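Trainee: With the sequence up front, the predicted model follows.
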Amino acid sequence: MLSFAAAVFLLIITPGPGVLSLAGVGAAYGFRAGLRYFTGLFIGTNLVGVAVVTGLAALILANPVIRTVLMAASTAYLLYMAFKIATAGSKIGFVAAERQPGIRDGLLLQAINPKAYVVNTTLFSGFAFLPSNYAAEVALKFVIMNVIWVSLHFLWLWVGSQIKAMKLASSTQRIINVFMACAMLAVVGLALWTSMSG
């Protein structure tokens, strides 16, 4: 169970579309406004988890045309975000929002977020710790994942909401941008590797 919790922590804390956009909402609109978007992401990630556990995601993604279209769209989106972050200059490269996103926006992002599918598939298909009681294992995995997910996403939202108050040196801001872009490229690579090996 500890290895499962460690895997959840490491997979969720790495920047992906959800946490980067959540931090951007926090930076643009503040912590309280970001909570609505956070709620949509939370509901969305749990719906993706249910789709993975029930096999619905596998059924939909079993169609090679649908899988290819979704993977191409998701990959293009993630590459665009990585480019935008890496070329943000001396400003923190969180994804800027033109209007205040809400619950619906968070749900929609998770529906096309390849990292959500990769993470849920990895965690629910591996790390068996109650092989004699699959239902209890799945329930415990949801609890552990949600406790860690909520904690880490609150942290990203808080960091985003504090960005305006930080007075970081330009060189430090550029390093942060490059690190976030590299993390996004790692997400793209992981998603492509998973789709090709699946």
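Mentor: Sure, I can see it.
Trainee: Quick one, grab the pLDDT at Ile43.
Mentor: pLDDT recorded at Ile43 is 97.
Trainee: likewise the one 5 residues further on?
Mentor: Note on Val48: pLDDT of 93.
Trainee: quick one: contacts for the residue nearest to Pro131 when sequence neighbours are not counted?
Mentor: Spatial nearest neighbour of Pro131, excluding adjacent residues (CB to CB, 6 or more residues apart in numbering): Glu137 at 7.6 Å. (C-beta placed from N, C-alpha, C; glycine too.) Contact analysis of Glu137 by CB atoms under 8 Å, 6 or more residues apart in numbering lists Ala128, Phe129, Leu130, Pro131.
Trainee: Output those as JSON lines; include the columns distance to Thr172, neighbour count and pLDDT.
Mentor: Listed next are those as JSON lines, based on distance: CB to CB, whole Å; neighbours: other CB atoms under 10 Å; pLDDT from 0 to 100:
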{"residue": "Ala128", "distance to Thr172": "42", "neighbour count": "12", "pLDDT": "82"}
{"residue": "Phe129", "distance to Thr172": "40", "neighbour count": "12", "pLDDT": "84"}
{"residue": "Leu130", "distance to Thr172": "45", "neighbour count": "14", "pLDDT": "87"}
{"residue": "Pro131", "distance to Thr172": "47", "neighbour count": "7", "pLDDT": "84"}
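Trainee: Columns distance to Asn113 on top of those residues, output as a markdown table?
Mentor: Formatted as a markdown table, the contacts of Glu137 follow (distance: CB to CB, whole Å):
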| residue | distance to Asn113 |
| --- | --- |
| Ala128 | 25 |
| Phe129 | 26 |
| Leu130 | 28 |
| Pro131 | 29 |
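Trainee: buried sites along stretch 134-142?
Mentor: By 16 or more other CB atoms under 10 Å, the buried positions in stretch 134-142 come out as Glu137, Lys141, Phe142.
Trainee: swap that for stretch 45-63, please
Mentor: Thr45, Asn46, Leu47, Val48, Gly49, Ala51, Val52, Val53, Ala57, Leu61.
Trainee: farthest pair in these?
Mentor: Spanning the widest gap among the buried residues of stretch 45-63 are Asn46 and Leu61, at 18.4 Å by CB to CB.
Trainee: next one: phi and psi at the residue nearest to Gln110 when sequence neighbours are not counted?
Mentor: Using CB to CB, 6+ apart and skipping the chain neighbours, the partner closest in space to Gln110 is Gly44 (2.7 Å). Reported as degrees, to the nearest 10, the phi and psi values for Gly44 are phi -60, psi -40.
Trainee: can you pull out the helices in the protein?
Mentor: Taking DSSP state H, the helices of the chain run over residues 2-13, 17-29, 31-54, 56-61, 64-86, 103-112, 114-125, 134-162, 170-197.
Trainee: ok, so what distance separates the residue nearest to Ala73 when sequence neighbours are not counted from Ser170?
Mentor: Spatially, and ignoring its direct neighbours in sequence, Ala73 is nearest to Ile112 (6.7 Å; CB to CB, 6+ apart). Counting by CB to CB, to the nearest Å, the gap from Ile112 to Ser170 is 33 Å.
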